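Novice: Mind looking at a prediction? Sequence and model below.
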Amino acid sequence: MAHSSQEILFKVFGNEERVKMICCLEKKQSVTKLLEKCRLSQSAVSQHLSVLKEAKIIDCERLGKQQFYFVVNKKALKIAKDLLRC
């Protein structure tokens, strides 16, 4: 079932860990680095990244064997920073 853009945004910003992850991804980060910074399980990080990609807030690129994630939606980054005051 497809979610409305409003539902996706509530899902993103309704979870503090996702909001923190958006701030962490202001600069390009590998999954390994995210695991260190976020102190979450690999499956939790993967789920959060999936939601953020679905919302078109982040994107990724592969360099060798590693995936690097980064924010592409600067409005979402500003909202995340405002929410966390980071």
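Specialist: Received, thanks. Numbering: from 1, shown residues only.

Novice: Verify the stated contact: residue 19 with residue 13.
Specialist: Yes - counting by Cβ atoms under 8 Å, residue 13 is a contact partner of residue 19 at 6.1 Å. (C-beta placed from N, C-alpha, C; glycine too.)

Novice: tell me the SS of residue 70?
Specialist: Here residue 70 is strand, with the state taken from DSSP: H, G, I helix; E, B strand; the rest coil.

Novice: can you offset everything so residue one is 37?
Specialist: OK, 37 is where the count begins now, so the last one is residue 106.

Novice: Which phi and psi values does the closest residue to it other than its chain neighbours adopt?
Specialist: Distances taken as Cβ to Cβ, 6 or more residues apart in numbering put residue 64 closest to residue 106, at 4.3 Å, once the chain neighbours are dropped. Main-chain dihedrals, residue 64, degrees, to the nearest 10: phi -60, psi 130.

Novice: Pull the contacting residues for residue 64.
Specialist: Residues in contact with residue 64 (Cβ atoms under 8 Å, 6 or more residues apart in numbering) are 104-106.

Novice: now, which of these sits nearest residue 81?
Specialist: Distance to residue 81 across the contacts of residue 64 (Cβ to Cβ) is lowest for residue 105, with 9.6 Å.

Novice: Now that closest one: closest residue in space, sequence neighbours ignored.
Specialist: Residue 105 sits nearest to residue 96 (Cβ to Cβ, 6+ apart), 4.7 Å away.

Novice: That neighbour and residue 113: what is the separation?
Specialist: Residue 96 sits at a distance of 16 Å from residue 113 (criterion: Cβ to Cβ, to the nearest Å).

Novice: before we move on, back to that, buried ones among the contacts of residue 64?
Specialist: 104-105 (16 or more other Cβ atoms under 10 Å).
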